[in-house]
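*Asks:* sharing a model that was predicted from the sequence below.
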Amino acid sequence: MLRTAEALADRSIDRIVSSSLTRCRQSGLILQDRLGVEMEINPELSEINLGDWEGLTATEVKERYAGQYTERGNDLAHFRPKNGESFNDLLGRVLPAFETLRSSTDGTLAVVAHAGVNRVILCHVLGVPLANLFRIEQHYGCINILNYDDSCIRINCLNYYPAS
């Protein structure tokens, strides 16, 4: 994240908004310190809630919930673990928050979010079905640059990870 902050140092960032979850808050503070812009927290940018699967490894989920794991693979967009969210639910939560942030920001907005959150936004922008969201790579600390004008959104940079 220090390399990411350094890579963004020469850009004019006007606003930083982070998920409320720990890893993103810590990353947002690194950006705040380097860029001199106060970070805001938005809980709507939190990662997908996996309900009863939360905190389990993929191997543990396969062992405890084998049928459900297969079901999720067959319907990635709509499968919802017990007490959790589907990726479609995640999109329904994240997209309105993202659009509100985007429309209420004069200048450049930096969003510090999770891979799932980034992927559903990118799927929406690209018109890619949520069933294909794992085709979009998102490394920890990567940079995606979206440019907006009145007629469309353009992705100028995707999954850029600054070299050491």
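*Replies:* That came in fine, so what should we check first?
*Asks:* going forward, measure contacts and count neighbours with C-alpha atoms only.
*Replies:* OK.
*Asks:* start to end distance for stretch 38-52?
*Replies:* 35 Å (CA to CA, to the nearest Å).
*Asks:* and it, what's buried?
*Replies:* Neighbour counts over stretch 38-52 (16 or more other CA atoms under 10 Å) mark 39, 40, 41, 42, 44, 45, 46, 47, 48, 49, 50 as buried.
*Asks:* off-centre distance for the longest helix out of those in the chain?
*Replies:* Assignment by DSSP state H gives helix 87-103 as the longest helix of the chain. Relative to the chain's own centre, helix 87-103 is displaced by 10 Å; criterion: CA atoms, centre = their mean, to the nearest Å.
*Asks:* helix or strand: which one has the residue lying closest to residue 69 once chain neighbours are set aside?
*Replies:* Nearest residue to residue 69, sequence neighbours excluded (CA to CA, 6 or more residues apart in numbering): residue 62, at 5.9 Å. Secondary structure assignment for residue 62, by DSSP states H and E: helix 58-64.
*Asks:* only C-alpha atoms, please: export the helix or strand that that helix is followed by in CSV.
*Replies:* Using DSSP H and E, the helix or strand that follows helix 58-64 towards the C-terminus is helix 66-74. Only the C-alpha atoms of helix 66-74 are listed here, as CSV (Å, rounded to 0.1, in the frame of the first residue of the first chain):
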residue,chain,number,x,y,z
ALA,A,66,-20.0,-29.0,-0.3
GLY,A,67,-23.4,-28.9,-2.0
GLN,A,68,-23.7,-25.2,-1.4
TYR,A,69,-20.2,-24.5,-2.7
THR,A,70,-21.1,-26.3,-5.9
GLU,A,71,-24.4,-24.4,-6.1
ARG,A,72,-22.6,-21.1,-5.7
GLY,A,73,-20.2,-22.0,-8.5
ASN,A,74,-23.2,-22.7,-10.7
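*Asks:* renumber starting at 65 from here on
*Replies:* Yes, from this point I'll number from 65; that puts the last item at helix 130-138.
*Asks:* the strand of greatest length in the chain pairs with which strands?
*Replies:* Counting residues, the longest strand found in the chain (DSSP state E) is strand 217-224. Sheet pairing of strand 217-224 (DSSP bridges) gives strand 207-212 (antiparallel).
*Asks:* phi, psi for residue 99 please.
*Replies:* With angles defined as degrees, to the nearest 10, residue 99 sits at phi -100, psi -10.
*Asks:* how about it: what's its closest non-neighbour residue?
*Replies:* residue 73 (6.0 Å).
*Asks:* right, I'll call it a day here.
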